[in-house]
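1. Next come a sequence and a model predicted from it.
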Amino acid sequence: AQKITQTQPGMFVQEKEAVTLDCTYDTSDPSYGLFWYKQPSSGEMIFLIYQGSYDQQNATEGRYSLNFQKARKSANLVISASQLGDSAMYFCAMRVRNSGNTPLVFGKGTRLSVIA
Amino acid sequence: DAGITQSPRHKVTETGTPVTLRCHQTENHRYMYWYRQDPGHGLRLIHYSYGVKDTDKGEVSDGYSVSRSKTEDFLLTLESATSSQTSVYFCAISEDGTPDNEQFFGPGTRLTVL
């Protein structure tokens, strides 16, 4: 079975500083994808970034980067130059390749608060 | 933005009544999913569909049924609503079932069962 663990229920960061949100995963499948989603207070789920298990380089999307350490089974999200609008819940999720159907498995999330 | 709508967006109902939530997509994606979100649990998969009339159970499927008669619509039915089904329900779609295919989410439906 697949599992995602986010150990930080809440985080605070000063505006313009960088912050790392932790995510560890567990799977025996060698082929999988890792995703991060943002959920602001308005409730929608916004896709941020993706990392494939066979990708050689860490994924980056603007101010978001994914620190992928395969041996440690970790996929931490790094947000650089935090903005007040980054205050939200952040979810790490995983999808594995099995016989056919591969729903996402989510962690419980981390609430990030950006302080001015 | 992916074309996903959910209806209704908010609903209050009483214990024991049937409830149907609708998810509609305009992307012609093959896969559709229903999740529920509860505090302390993140998102948990209820049911999903990998094609018209092809569905399967997720982690928390008890008390729920689904139907998909058209590519664009995926219905979630609570046959007899209970207070434990008070939650926010999200529909999601993806083009296929491969690991590198992200899921796009609808706006959510807030359901309260009294």
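-> Happy to help now that I have it.
2. Pull up the per-residue confidence for residue A:81.
-> pLDDT, residue A:81: 95.
3. same check, this time on residue A:100
-> On the pLDDT scale, residue A:100 is placed at 56.
4. Then residue B:97?
-> Note for residue B:97: predicted pLDDT of 72.
5. ok, it - how many residues close by?
-> Look at residue B:97: counted by other Cβ atoms under 10 Å in any protein chain shown, it has 18 neighbours. Glycine gets a C-beta too; all of them are placed from N, C-alpha and C.
6. got it, and the one 3 residues further on?
-> Here the neighbour count serves as a burial measure; for residue B:100 (other Cβ under 10 Å) it reads 18.
7. Alpha carbons only: can I get the helix or strand that residue A:113 is a member of in PDB?
-> Under the criterion of DSSP states H and E, residue A:113 resides in strand A:110-115. Taking C-alpha atoms only, strand A:110-115 is exported to PDB below (Å, rounded to 0.1, in the frame of the first residue of the first chain):
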ATOM      1  CA  THR A 110       0.600  21.300   6.200                       C
ATOM      2  CA  ARG A 111      -0.900  24.700   6.900                       C
ATOM      3  CA  LEU A 112       1.500  27.500   5.900                       C
ATOM      4  CA  SER A 113       1.100  30.900   7.400                       C
ATOM      5  CA  VAL A 114       3.100  33.800   5.900                       C
ATOM      6  CA  ILE A 115       3.800  36.600   8.300                       C
END
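8. Output the below-cut-off pLDDT ranges for chain B.
-> B:1-2 (pLDDT under 70).
9. those strands in it, which residues are they?
-> For chain B, strands defined by DSSP state E occupy the ranges B:4-7, B:10-13, B:19-25, B:31-38, B:42-51, B:54-57, B:64-70, B:73-78, B:87-94, B:104-105, B:109-113.
10. Quickly run through the sheet partners of the fifth one, with directions.
-> Spelled out, that is strand B:42-51. Using DSSP bridges, the strands paired with strand B:42-51 are strand B:31-38 (antiparallel), strand B:54-57 (antiparallel).
11. So for the shortest one, what gets flagged as buried?
-> Residues of strand B:54-57 classed as buried under the neighbour-count rule (16 or more other Cβ atoms under 10 Å in any protein chain shown) are residue B:55.
12. chain center to it: distance?
-> Centre-to-centre, strand B:54-57 and its host chain are 12 Å apart (Cα atoms, centre = their mean, to the nearest Å).
13. Go ahead and name everything in contact with it.
-> The contact list for strand B:54-57 (Cβ atoms under 8 Å, 6 or more residues apart in numbering or on different chains) reads A:101, B:47-50, B:66-68.
14. go on, stretch B:22-33?
-> Outside stretch B:22-33, the residues that touch it by Cβ under 8 Å, 6+ apart are A:101, A:103-104, B:2-7, B:34, B:45, B:47-51, B:58, B:68, B:71-76, B:91-97, B:103-104, B:106.
15. Show me what from chain B comes close to chain A.
-> Residues of chain B found near chain A (Cβ under 8 Å from any Cβ of the partner chain) are B:31, B:33, B:35, B:40-45, B:48, B:50, B:56, B:58, B:88, B:90, B:92, B:97-105, B:107-108.
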